[in-house]
Structures are given as C-alpha cells and as structure tokens.
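1. what's the 3D shape of this:
(chains A and B)
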Amino acid sequence: MQWETVIGLEVHVQLATRSKIFSGASTAFGAEPNTQACAVDLGLPGVLPVLNEQAVAMAVQFGLGIHAEIPELSVFDRKNYFYPDLPKGYQTSQMYEPIVGPGEVEILLDDGESKRIRVHHAHLEEDAGKSLHEDFHGMTGIDLNRAGTPLLEIVSEPDMRSAKEAAAYLKAIHSIVTYLGISDGNMAEGSMRCDVNVSVRPKGQDAFGTRAEIKNVNSFRFVERAIEFEVERQIELLEDGGTVVQETRLYDPEADETRSMRTKEEANDYRYFPCPDLLPVVLDQAYVDHLRGQLPELPAAKRERFQSELGLSAYDAGVLSASRAMAEYFERVHAVCGDAKQAANWVQGELSGALNREGLAIVDSPVSADQLGGLVARVKDDTINGKAAKQVFQALWHGEGDSADAIIEAKGLKQVTDTGAIEAMIDQVIADSPAQVAQYRDAEPDKRGKMIGYFVGQVMKASRGTANPQQVNALLKEKLDALC
Amino acid sequence: MHDQTLTGLAAALAAGEFSSRELTEHLLARIERHDGALNSFITVTGEQALAAADAADAARARGEAGPLTGLPLALKDIFCTRGVKTSCGSRMLDNFDAPYDASVVEKLAAAGTLSLGKTNMDEFAMGSSNENSFYGAVKNPWDLGAVPGGSSGGSAAAVAAGLVPAALGTDTGGSIRQPAAFCGITGLKPTYGRVSRYGMIAYASSLDQAGPMARTAEDCAHLLGAIAGHDLRDSTSVARGVPDYTEGLEAPLSGLKIGLPREYFGDGLSAEVERAVREAIRVYESLGATVREVSLPHTHYAIPAYYVIAPAEASSNLSRFDGVRFGHRCENPTDLIDLYKRSRGEGFGEEVKRRILIGTHTLSEGFFDAYYKQAQKVRRLIRQDFLDAFEEVDVLMGPASPTPAFDLGANKDPVSMYLQDIYTIAVNLAGIPGISVPAGFAGGRPVGLQILGTHFAEAQLLNVAHQFQQATDWHLRRPDLAEETA
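-> Below you'll find the predicted structure:
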C-alpha cells in the first residue's frame, strides 16, 4: 500500500525580551541556578503576574509576519498540573483566545517549488523551570531561572507531508523570528523547540490516521530523523495489522528512535480557565498598525526581490535570504560593489566556505561586508584578477589589511592590463622556451589549444599573478601562431 | 485609651496627650490580658511594634508626623509581612515567614502606622465563622460562646474587644462585612480593583478585596485613603485617582434614595435582625432619605455561582502549596506523588480540601461548560441586577447577615454555613463596594446594617454610614471584657 504522511508542528519560540513574561527578572541564559527567579517566578504566596508589553509586541509582530489575523482581544488561561519545576502548579498560557489568529508560512522545497503551510494560531505562554536529575544523589534539583521566560507557541495545521517539509517549515519559522529579531533562534540553548504530530494514512484517504506526538525536539536534523523513524514505525505497525495508539513519544537522538512517554488514557486534564490575575489583552488597530510599520522586509519578500530586481537564481535568492544576518551581509556587499551576481558568488563561495571551515556565524565573520564589497568591486573593474582576489580575501580574513585596496597596493597585486608590458613578458617566455615553442609549432592545429596552457602559466608566473589572464591568452595565441 | 476611635487617637497623639509608645504598650498589655480567651491574634509582633512606635514618636518630635503616624493596627494573617510569619490560618504556612511586604502593608507603613500583629482567620479565608483556623476558633467578644464571623474574624474580634483600634481584613464573599456585623464594628469592602491584591494570599482572585475594619466609618475613610490606589504589581487594580474619603463625610443625606432589595428581606431572615435593620432605615428617613423597594432578581443564584467560581479559582491558586519550595512538607516522602499527597493532605484543613475538590471538579473536562461557564453567565446577570438598581436608587440597604452571631459549633453542615453569606456574596460577584455598620442588637449580639453602592462609590457609602453614626450610638457600644475574660 502507498502511505501518506501527515505532520503538524507546535513550535515553541523563546522570545528575546530582556525580562520575563510576568515579572521583572532577567531572561539571560546560563546564570547560576535560581539566581534569576524573583518572588513572582517562585510563585510565592500573594504574588501577581504583570504582563510584559514587549512580549505582546513580539507576538503581534510574528503574527503580522505570517499575515495572520490579529484578534482585538486575547485572554490568558491557566493550564493546571503539578510538577516540581512548575512553581505555581499551573502554567499561564492562552487556550481559548490566542494573541495570533490563523496565518500562513511559505516554505521552499528542494525542487525549488514553494508550498504554503497554514498556521492555526500562535499564543503566548510562560516557560517552566528545569528539573536537574544529576548531582543530587537520589534527589532532584530545581532551577527556576527559566521559569517565566516568554514563549510563543506556533501551532501549524497538519499541512506537511514529509519530514523534509517539516524541517523546511521549522527553518522558515526560524528565519521569520530571527528576521523579526523576536528570538535569537538558538536551538542549542532551547530558544526554539517543537512538538511534532505525526500520522500516516493510505494515499487517497481523506480521514487522518491516529497521531503520535513527539515532544521537545530541538534541532532541524532531529525533526527530520524523528519523523522518519516515527513514520516507518507507524507504517510497519499498520502493515502488520496493528493500530497506532494516540500517545506522547520522546525522540532519543542517541538511539535515533522514538519511545512512548504516556498514552492518551494517562493524559492530564489541565482544567484550563481564564487567569483571573490578568486582564484580557486588548489591541487597538493603531497599535497593530504601528507595529506593522516597523516590520523589516521578511525572508519571502526578500527572496522574491532578489530574483526579480537583482536577477539572482531562485536557489541563490533562497540561500541569501534564509537568515537576516546573511541577507544583510549580502545586501551590503552588493551595495558596495554594485554587482549582485558577483556579490552572491563571493558570499556563498569564498566567504561561506571559510566560515564553515572555522565554524563561524556570518555575524562573526572576520571579513566585513564592506571589505568584501570593496574586494568584489576590484574584481569587477578588473583591477585584480580572480586569482589575486582569492589572495586578497585570505589577507582580509587574516587581518593583514583594512581594505582590499590597501592589500592590493601593499602586495602589488594590481592586474597588469598594459598590452606592451604583457607582450614583453610573452616575448621573454617564448625566448626562454624554445623546446616548447618547437612542440607547439609541430603539433596539429587542433591540439595547440591545450598546449598554450604552459605558456599562460609561465607568463602568469612571470607577472606574479597580476597579468590579466584573458589578455595573456589572446596575445600568446597571436604570437605563437605567428611563429607557425 | 483603647475605647477611642482611630480618629480620636490620632488627635490625642497630635495633641501630645500620650505617645505612640504609651498607646502601643497599653494595647499590647490588653492583648496579653484578653487574647488568651479571644484567640484573635496568631502572631503578636510586640517588639517590632514598640520600635515602630518609638520611630513614630521621634518623627512627631521632628514635626514630621502625618495624620496616621504612630497609630497601631492589626493585619489579617493573609497579608505577607516581611520576616513575620504569614500563615493564612493554615498549617500549610505555619512555617512561612514571608520574604516581602504586601502592597497594603507597605502603604500602611509609609503612612506611619504600625502593626501589633497578625490576626486569626479561617484557613485561606474559607469560612464564615472563623472555626476553620489551624490556630483554633476565635471567640466573639460580645459572647465567648458565639463565633465572631469569618473569615476576618480575628480582625473583627480584636477591634471589637479594644485590643487594636482598627485592622485590615479581606472580603471574598462577605469576610469583612459579616464579621464586622457579628462583632459590632464597621467594615468596608471596597470596589474590586480599588485596593492592590499584591502580597495578599489569594483565595479567589476575581473576588478578593482588602478593606478596613474599625469602629467608625470615619476611621474606615482614613484607612481606605491610605491603602487604596493603583499598583503596577497588580494588573487588576484600577488606575483611578484616590479621593480624600473623609472630605464628604459630613454631607447631608436629604434626598438620598435608598433601595431595599426585596430578596434581602425574605425567608431565613431572623425577625430580630429585620427589626433592627428596619429601625436603622427609619433613622435614614428621619435624616431626609427616601426609601423604596427594589428587586435584585438573580440573588438566589449568587451562592451557587459563588461556590463554583471561588473554589475553581482556589483550586488553582492553592496548587503552589505542594511541599516543594515553601510551606509544609511531609516527613520522608517516598516519591514525588507521595510528597504531594501527604504535604497537601497534612497541610490543608477540611474546608480547604473540600473547596479544592469542588473547584477541581467544576473545572474538569466535561464539567467546565456546565458549571464554570454557566456560573460566569450568572455572575454577569447578578452584576446587571445591581447596575439596574443603581439606575433607580443611590444606595441599597439590608442586613449584612440573616442572623446575629451564632454559637460556636452551631453550623456543622457546610451548606448551612455557606447560606450565612446570602446577603454579602453577590456584592463580590458584582465587584461593587459594601459596608456594614452596627445597627443594634439581637439577643445581646450585634446586628449589622449593610449599605451597598455602585462601583467606586466608597466615598458615598462612607458618608451614608458616617451620618448614621452621627445619629446613633450603636458603634460606640463596647462588650464588657473585664467580666468575661478576667
């Protein structure tokens, strides 16, 4: 039987507010346990939450970024359950009236096609603390630094049909939130994590199969692998005549498998009800419009513009718009050098290669966009040739000069385009290579093309790489053929 | 000294008749002498009180005294007080010294008042008799065989007994007004949102409100002025200016339109209480007010709606008492579930457990719509009843409680206890203010007249109550403690 996979994602994005969603405590990552938890975060008797306006603004910006409806009114609810790292015995979340209504996210597939994934809604909530099971000898330690960190939970419709689509969706969300600057998107630190709902059904069937929810997956790669494992598990189960149970599962990256955590029967009744300590959030149109006016150009729009205005390929436009940092870098290089295609080639080629080798993010690049733009400009106006340009790039990378021009000057890499000078070097090489000249002369005319390489190399060497290769080629051919 | 009103004491302190230290020592001595029998305090903070009294006297000597400087008060043990046990009447918090001050505690300190201690209360403010305290029942100073009412029974008894001139209480369904009525003092529940709830241990967040309990409306006006106002730490507190509540106290009542809700004078109302209340209303007529009957048609839904909403919120609010971070923790838990079950099982009393169970049930899947949502609809209707009535009249009047203080142990059945709050509970559901003033006696026990106004009509309520107290002397009557507790 042919099976179809159906996937929906709940993505939790940690918002980059300075303080927590309901208290003034800091949200900075990595502090000593329980040093960033105030009376409100500890859930002390008598404390009350006060909503962080920045978190609201960020949620609305996200909503605008996915073309979602922004309801005028949203309400916080309490999700009640007991857990040691949940200080109040409930999580303040939004169950019934979320801050962001239905929207959509465009994803790019490998075949270059794009697909729209519908977002059901996105809501604000507070994170819980952490239970620490190591180092406490038969006991559990609780760190409440993370308690109260603002999260935006983005719930998709079950619109994805493969692990690749799910990963592409997650990347698109990552790209949008980092473009907006509402999250650092740091998955290793848990700034983005997701719950994956997976089911399979016979191809052509309308009804959904029974789904499993894989909790807390925290990397693009794990999302793909967890889904692939889970799909295979479910199909095998069904083909063996079994049934899929609705349950919560955990993905174990070490074993590369998902394991059952709890079944539906064991599921909690969270007893949601509106939080009486918080007023409904009322967003007037002027406020929403104000935020709309501040939105940066988002990845989809940028990608489109890179193709239509700058003439980049769909692939290049996709890569260069994937992150805000990448896009900003590219756009600066382009602004300085004035050649989009060359800028794109350098950013994706030499620069990305060097960054990958060193494991650096583009924001940490030792070569600034202005420097790279200056370098590309010199290639474009033929001041240096491609070979010299790579030398200049290396020099910039290692901090050997402030600008491409300074390095070209210092290293004497300026391309020689003076025909007279090049002819002189050619004459010298011909004079120094009688044997090679003789071979050339004796060769069949159609073999001579290959043999000219030797002479080009010698001339380039003589010019220390500064001769214009096209000119060298043309003049050499002229002179050698004249000898034949 | 201890028979004076807060206003009188303020004048005496200002005139140098005695110092704040002398007053404080006198009251601490009275607590020492009488509270063994009354049990109105859970914690007496004598040392801190004397230090604060000295500081107040020093401030006065420097000419820096405000109107409330050096006045001793007591705080219901529901308000967090830094470094002082804040038990909420529960074993659960018997070991809890709050690490911070509630907003109202800060405000009272900033106004120069000092606290003699923390008063007894029904556990987590759940009760109408003060018999639900881990620290034992409070006795009514008028009759040690009677309850003082609840849940702010300790505050009411302490004021009535002259152990303290005024105290703070909280009112979720009548917990200021009913004990004020039972103990023959004046107690004001402000509009929801008028006073910050920050640092007040939550019972039912959408209903809880702190307010003053004192001898007179004038005293309540002084205290309300000190504690009211917007608080950035409480999103439900209202950003609205605080008037000088003492300013309009003397305004004459001629032309005042009083409504008597038909539903507040029906079955279950004691004849003696009704007689006292109707007598009080005749006093108002003599002051120039006109009286008419009005209807609050959804009144009989108030208790059922309250006993869905309040326990629902309570079940969630009390989840934080889990034995993990503070409060009672059972001995040697075997695992997490055992820790939860025994810590909560041992820490909470019977009524608290009952309400947690009710609330958990009404919020459960399949019951939420039938109970909680329905109760919220009823709540809107009840609120509308009051708003409609206030289109017709200025204030509503009726009894604060269907009976005077009942005997200790008389109401064993929870439902009959819940019915005690029949005239007070709807007020919390509607969020409007209400005040109870002494209006006579029934069988030797005080009767309270309840006066209700529309949202933020505290100044009017205080004026209406004050004028009554200018025309009557019920609020000046004192129980004879010497005879009963010597």
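2. can we go C-alpha only for contacts and neighbour counts from here?
-> Will do.
3. and the lengthiest helix in chain A, what does it pack onto?
-> If you go by DSSP state H, chain A has its longest helix at helix A:220-239. Here helix A:220-239 touches helix A:163-180, strand A:192-202, strand A:257-263, going by 3 or more Cα pairs under 8 Å, 6 or more residues apart in numbering or on different chains; DSSP states H and E.
4. State the number of residues packed around the residue of the stretch 51-200 of chain B found nearest chain A.
-> In the stretch 51-200 of chain B, the residue that lies nearest chain A is B:Gly199 (4.0 Å; Cα to the nearest Cα). B:Gly199 has 25 neighbours, counted by other Cα atoms under 10 Å in any protein chain shown.
5. so what's it up against?
-> Shown in contact with B:Gly199 (Cα atoms under 8 Å, 6 or more residues apart in numbering or on different chains): A:Pro45, A:Gly46, A:Val47, A:Leu48, B:Phe79, B:Cys80, B:Tyr100, B:Asp101, B:Ala102, B:Ser103, B:Val104.
6. picking up where we left off before, check the helices and strands packed on helix A:220-239 for me: which has the lowest mean pLDDT.
-> Here the helices and strands packed on helix A:220-239 differ in mean pLDDT, and the lowest is strand A:257-263 at a mean of 85.
7. got the angle for that strand vs helix A:220-239?
-> 70 degrees (axes from the mean of the first three to the mean of the last three Cα atoms, to 10 degrees).
8. After strand A:257-263, which helix or strand is next? Please name it.
-> For strand A:257-263, the following helix or strand on the C-terminal side (DSSP states H and E) is strand A:273-274.
9. quick one: contacts of the helix or strand following that next one?
-> Beyond strand A:273-274 in the direction of the C-terminus, DSSP H and E gives the next helix or strand as strand A:281-282. Residues outside strand A:281-282 that contact it (Cα under 8 Å, 6+ apart) are A:Glu72, A:Leu73, A:Ser74, A:Val75.
10. if you set the cut-off to 10 Å instead, what comes out?
-> A:Leu51, A:Glu53, A:Val56, A:Pro71, A:Glu72, A:Leu73, A:Ser74, A:Val75, A:Phe76, A:Glu97, A:Pro98, A:Ile99 (Cα atoms under 10 Å, 6 or more residues apart in numbering or on different chains).
11. sorry, back to before: among the contacts of B:Gly199, which are in helices?
-> Counting by DSSP H, the contacts of B:Gly199 contribute B:Ser103, B:Val104 to helices.
12. want to try JSON lines for the contacts of B:Gly199, with pLDDT, neighbour count and distance to B:Thr43 as columns?
-> Formatted as JSON lines, these follow (pLDDT from 0 to 100; neighbours: other Cα atoms under 10 Å in any protein chain shown; distance: Cα to Cα, whole Å):
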{"residue": "A:Pro45", "pLDDT": "98", "neighbour count": "28", "distance to B:Thr43": "18"}
{"residue": "A:Gly46", "pLDDT": "98", "neighbour count": "22", "distance to B:Thr43": "19"}
{"residue": "A:Val47", "pLDDT": "98", "neighbour count": "24", "distance to B:Thr43": "22"}
{"residue": "A:Leu48", "pLDDT": "98", "neighbour count": "26", "distance to B:Thr43": "25"}
{"residue": "B:Phe79", "pLDDT": "98", "neighbour count": "32", "distance to B:Thr43": "12"}
{"residue": "B:Cys80", "pLDDT": "98", "neighbour count": "32", "distance to B:Thr43": "13"}
{"residue": "B:Tyr100", "pLDDT": "98", "neighbour count": "19", "distance to B:Thr43": "17"}
{"residue": "B:Asp101", "pLDDT": "98", "neighbour count": "20", "distance to B:Thr43": "16"}
{"residue": "B:Ala102", "pLDDT": "98", "neighbour count": "23", "distance to B:Thr43": "17"}
{"residue": "B:Ser103", "pLDDT": "98", "neighbour count": "23", "distance to B:Thr43": "20"}
{"residue": "B:Val104", "pLDDT": "98", "neighbour count": "27", "distance to B:Thr43": "18"}
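13. Turn the contacts of B:Gly199 into CSV, columns for distance to A:Gly148.
-> Shown next, in CSV, are these (distance: Cα to Cα, whole Å):
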residue, distance to A:Gly148
A:Pro45, 16
A:Gly46, 17
A:Val47, 13
A:Leu48, 12
B:Phe79, 24
B:Cys80, 22
B:Tyr100, 20
B:Asp101, 22
B:Ala102, 21
B:Ser103, 22
B:Val104, 25
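14. what's the closest of the contacts of B:Gly199 to B:Met92?
-> Proximity of the contacts of B:Gly199 to B:Met92 (Cα to Cα) peaks at A:Pro45, which lies at 11.3 Å.
15. mind listing what the closest one touches?
-> A:Pro45 touches A:39, A:88, B:78-80, B:86, B:88, B:93, B:96, B:98, B:198-202, B:317-318, B:320-321, B:326-327, counting by Cα under 10 Å, 6+ apart.
16. Between the two ends of stretch A:131-151, how far is it?
-> 18 Å (Cα to Cα, to the nearest Å).
17. Does that stretch reach chain B?
-> Yes. Stretch A:131-151 comes into contact with chain B (Cα under 10 Å from any Cα of the partner chain), by way of A:Met139, A:Thr140, A:Ile142.
18. Settle this for me: the second one is touching A:Ser131, isn't it.
-> Yes. Between A:Thr140 and A:Ser131 a contact is recorded at 6.5 Å, counting by Cα atoms under 10 Å.
19. where do the contact lists of these two overlap?
-> A:Pro84, A:Asp85.
20. Any buried residues in stretch B:141-152, and which?
-> B:Pro141, B:Trp142, B:Asp143, B:Leu144, B:Ala146, B:Val147, B:Pro148, B:Gly149, B:Gly150, B:Ser151, B:Ser152 (16 or more other Cα atoms under 10 Å in any protein chain shown).
21. Let's have those in JSON lines, adding distance to chain A and pLDDT.
-> Below are the buried residues of stretch B:141-152 laid out as JSON lines (distance: Cα to the nearest Cα, whole Å; pLDDT from 0 to 100):
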{"residue": "B:Pro141", "distance to chain A": "30", "pLDDT": "97"}
{"residue": "B:Trp142", "distance to chain A": "33", "pLDDT": "97"}
{"residue": "B:Asp143", "distance to chain A": "34", "pLDDT": "97"}
{"residue": "B:Leu144", "distance to chain A": "32", "pLDDT": "96"}
{"residue": "B:Ala146", "distance to chain A": "31", "pLDDT": "98"}
{"residue": "B:Val147", "distance to chain A": "27", "pLDDT": "98"}
{"residue": "B:Pro148", "distance to chain A": "25", "pLDDT": "98"}
{"residue": "B:Gly149", "distance to chain A": "23", "pLDDT": "97"}
{"residue": "B:Gly150", "distance to chain A": "20", "pLDDT": "95"}
{"residue": "B:Ser151", "distance to chain A": "17", "pLDDT": "97"}
{"residue": "B:Ser152", "distance to chain A": "17", "pLDDT": "98"}
